[in-house]
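In: below are the sequence and a predicted model for it; my questions follow.
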Amino acid sequence: MARGTQHRKRRPPANAGVAHAAVAPKHRHKRPAYEDQLFFGRLRTHAKVLFVLMAAVFVLTFVFLGVGSGSTGISQIVQNFFSGSSASGSSESALKKKTVEHPKDAAAWLAYANKLQSDKKLDEAATALTTYTTLKPKNADALSQLAGIYTQRAQDWETLYSASQQRTQALTPSPLLSPQSTSSLGKGIATITSPLATAVSSQTSSATSNEYSQIVNYLTERVTVYKKLVKLNPQDASAQLNLAGAATDSADTATEISAYKAFLKLAPTDSEAPAARKALKAAEAQAKAAASTPTATASTG
């Protein structure tokens, strides 16, 4: 048989590619329907949308609440809503201008007084509040506020007065060992003047005298305000007691006695009644002693 007529199986070339069978595409696993009802399932589905919304809310919260800007944010807005003021509020100059333009506007004077008091300008606040109480003499709350300002100012000056006294003692201390003032040596030392002590005494005497006068002035003004409160409601036992205490501080013995008597008449069984009776007795004794002093002096002369 001729070899040419035979068909041999030809070997494929060494570099010939191997044909691969077609691979059927894999089917994605479908999540069960019940999983869509779960929170985390829905979260995975809408993750991008949720993240965007959360970021937006986060940024808006910082802006709205004023975080990092020094503002009190929503808390200040809520507070201003209930207080009836804006976030910035009216300036002191604007409030003052309103009182000048409308001197009979009681509300303007009250707003101006409150602004001054909040700014710690108590003397100016007292003046503005006095004008308001003149326009609205029956406003007990405003009168109580004014009395409180006078109390604070008296305490401020009392602090300065005490500091001046302590400074005087520190600059001119008494000697540790000194003879009796009635002895010959003691009398001799008393006649010796120290330039330093004289200068310090002169300066501190002037300062303490002014501070003491300020204390008396504010305490007297407070008594005047409490008298107005008592006049508004003579049957108010608390007002009578407050007047008695203010009069005691200002050494107004006559007013003190009258107020204590009125308080004890209105509230004889009050918890403050025992102390009031004791204070009344002391005030009456003091008044009696003061009344007898001129007579005794005259008889001696």
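Out: Right, received. Where do you want to start? Numbering: from 1, shown residues only.
In: what about the helices in this protein?
Out: 39-45, 47-65, 74-83, 92-101, 106-118, 122-135, 140-171, 184-190, 195-232, 237-249, 253-266, 273-300 (DSSP state H).
In: lowest average pLDDT across those?
Out: Ranked by mean pLDDT, the helices of the chain end with helix 74-83 at the bottom, a mean of 41.
In: OK, contacts around the spatially closest residue to residue 234 that is not a sequence neighbour?
Out: Spatial nearest neighbour of residue 234, excluding adjacent residues (CB to CB, 6 or more residues apart in numbering): residue 262 at 7.5 Å. Heads up, the C-betas are built off the backbone N, CA and C, glycines and all. Contacts for residue 262 (CB atoms under 8 Å, 6 or more residues apart in numbering) come out as 230, 234, 240.
In: got the contact list for the first one?
Out: Counting by CB under 8 Å, 6+ apart, residue 230 makes contact with 236, 239-240, 243, 259, 262.
In: tell me which residues in stretch 254-273 are buried?
Out: For stretch 254-273, burial by neighbour count (16 or more other CB atoms under 10 Å) applies to 255-264, 266-267, 272-273.
In: tell me the one among these nearest to residue 167.
Out: Nearest to residue 167 among the buried residues of stretch 254-273, counting by CB to CB, is residue 256 at 32.2 Å.
In: which residues does the closest residue to that closest one other than its chain neighbours contact?
Out: Ranked by CB to CB, 6+ apart and with sequence neighbours excluded, the top spatial neighbour of residue 256 is residue 247, at 3.9 Å. By CB under 8 Å, 6+ apart, residue 247 lies in contact with 223, 226, 253, 255-256, 259.
In: equivalent analysis for residue 218, please.
Out: Residue 218 touches 150-151, 153-154, 157, counting by CB under 8 Å, 6+ apart.
In: can you check residue 216 too?
Out: residue 250.
In: how near is it to residue 160?
Out: Remark: distance between residue 216 and residue 160 (CB to CB, to the nearest Å) = 14 Å.
In: go on, residue 236?
Out: From residue 236 to residue 160 the distance is 34 Å (CB to CB).
In: neighbours of the closest residue to residue 112 other than its chain neighbours, how many?
Out: Closest residue to residue 112 apart from its sequence neighbours, by CB to CB, 6+ apart: residue 95 at 4.2 Å. Neighbour count of residue 95, defined by other CB atoms under 10 Å: 20.
In: residue 95 against residue 111, yeah?
Out: Yes. Counting by CB atoms under 8 Å, residue 95 does reach residue 111; the two are 5.5 Å apart.
In: go through the contacts of residue 218 and name the one nearest residue 288.
Out: Of those, the one sitting nearest to residue 288 (CB to CB) turns out to be residue 154, at 27.7 Å.
In: count the neighbours of the closest one for me.
Out: 22.
In: same thing with the one 5 residues further on?
Out: Applying other CB under 10 Å, we find 12 residues neighbouring residue 159.
In: how close does the closest residue to residue 279 other than its chain neighbours sit to residue 245?
Out: Closest residue to residue 279 apart from its sequence neighbours, by CB to CB, 6+ apart: residue 260 at 6.1 Å. For residue 260, the distance to residue 245 (CB to CB) stands at 9 Å.
In: do residue 224 as well
Out: 14 Å.
In: compare these two (neighbour count), which wins?
Out: Set side by side, residue 224 and residue 245 show more neighbours around residue 245, with 20 against 13, by other CB under 10 Å.
In: from residue 146, how far out is residue 152?
Out: 11 Å.
In: compare those two (neighbour count), which wins?
Out: Taking neighbours as other CB under 10 Å, residue 152 and residue 146 compare with residue 146 leading, 26 against 15.
In: mind listing what the residue nearest to the more buried one when sequence neighbours are not counted touches?
Out: What sits nearest to residue 146 in space, not counting adjacent residues and going by CB to CB, 6+ apart, is residue 129, at 4.7 Å. Each residue near residue 129 by CB under 8 Å, 6+ apart is listed here: 109-110, 113, 117, 142, 145-146, 149.
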